[in-house]
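> This is the structure alone, sequence omitted:
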């Protein structure tokens, strides 16, 4: 457990005093225990991207169970190369490293498990009614505004980042990052379709408590999923995901990699975590990537 200088960062003063720094030592005491998933908790005062930093550490041999958070992420990375930044201490931005010994076909469930853990943490702690939008967004139920995003990236011992099929015994790892908007004001959010917990009725949401609940929840689900050999259904997690996902059962438009488009009903999530979309002809298409738009009845 550490900060860059080996001690807790200085607390903000003045107008930003309501945005305290994360305390790595307290998180470590709450989360790191014999036989548990988490091995270390590191909080940086500032980092371009917690995912990028933890990926580099993973390539250098960082073992499973590392947690890396940043009080100020200056060049965060989302899906499809999208970048973002957040004000200091206004969001919970963290990444975790796991090295699951499961078939590569099941790895698509890892960001979905993080999403379920986030929804449960937001509902039970700050009391924000959150739901999931496949594959990686956490939304405020009702408004559909985005509260959080998740990015999962594979890392290999020969420094090949991401992609490809890996056998479970080749030393591959996966870094899962999440950014949750906590106390941002409207002028501090990057787009009009985003919201923060403060703007959704939880102005007193505590990043420290949220981090602990999120990581505890993910660890429990990851441990059950790994013990089941990456079979989310056998671990009881597929049903939990479906109950949290507002995409399923809706008409959607999928913007596919390469510029294609698919209209249909989001009919389910398969064993690999892919979204199954049933088109007008009744054919099912399994999507592993793509931007999903939830359609209203009047939309084409």
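Everything's here; your move. From a predicted model like this one, the values you see are computed outputs, not experimental measurements.
> helices or strands up against the longest helix seen in the chain?
Longest helix in the chain by number of residues (criterion: DSSP state H): helix 207-227. On a contact count with 3 or more Cβ pairs under 8 Å, 6 or more residues apart in numbering; DSSP states H and E, helix 207-227 meets helix 24-31, strand 91-98, helix 109-124, strand 173-181, helix 237-244. Every C-beta, even on glycine, is put in place using the N, C-alpha and C of the backbone.
> Can I get those in TSV including mean neighbour count?
Shown next, in TSV, are these (neighbours: other Cβ atoms under 10 Å):
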stretch	mean neighbour count
helix 24-31	18
strand 91-98	26
helix 109-124	24
strand 173-181	26
helix 237-244	17
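> quick one: which of those is nearest residue 63?
Of all the helices and strands packed on helix 207-227, strand 91-98 sits nearest to residue 63, with 7.9 Å by Cβ to Cβ.
> any chance of the helices and strands packed on helix 207-227 in CSV, plus distance to residue 230 and mean pLDDT?
Converted to CSV, the helices and strands packed on helix 207-227 look like this (distance: least, Cβ to Cβ, whole Å; pLDDT from 0 to 100):
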stretch, distance to residue 230, mean pLDDT
helix 24-31, 23, 97
strand 91-98, 12, 98
helix 109-124, 7, 98
strand 173-181, 11, 97
helix 237-244, 10, 97
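> Could you dump the ones you listed into CSV and include distance to residue 207?
Shown next, in CSV, are those (distance: least, Cβ to Cβ, whole Å):
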stretch, distance to residue 207
helix 24-31, 10
strand 91-98, 5
helix 109-124, 11
strand 173-181, 8
helix 237-244, 22
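> of the ones you listed, which approaches residue 187 most closely?
With Cβ to Cβ as the criterion, residue 187 lies closest to strand 173-181 of the helices and strands packed on helix 207-227, at 13.0 Å.
> what's the closest one packed up against?
For strand 173-181, the packing partners by 3+ Cβ pairs under 8 Å, 6+ apart are helix 50-59, strand 91-98, helix 109-124, strand 146-155, helix 207-227.
> so what secondary structure elements neighbour the strand or helix carrying residue 293?
Here residue 293, judged by DSSP states H and E, is contained in strand 291-294. Where contact means 3+ Cβ pairs under 8 Å, 6+ apart, strand 291-294 is packed against strand 251-255.
> so for the strand it packs on, what's the average pLDDT?
Average pLDDT, strand 251-255: 95.
> contacts for it?
Residues outside strand 251-255 that contact it (Cβ atoms under 8 Å, 6 or more residues apart in numbering): 261-266, 275, 277, 287, 290-295, 297, 299.
> before we move on, the earlier item: give me the buried positions along the strand holding residue 293.
292, 294 (16 or more other Cβ atoms under 10 Å).
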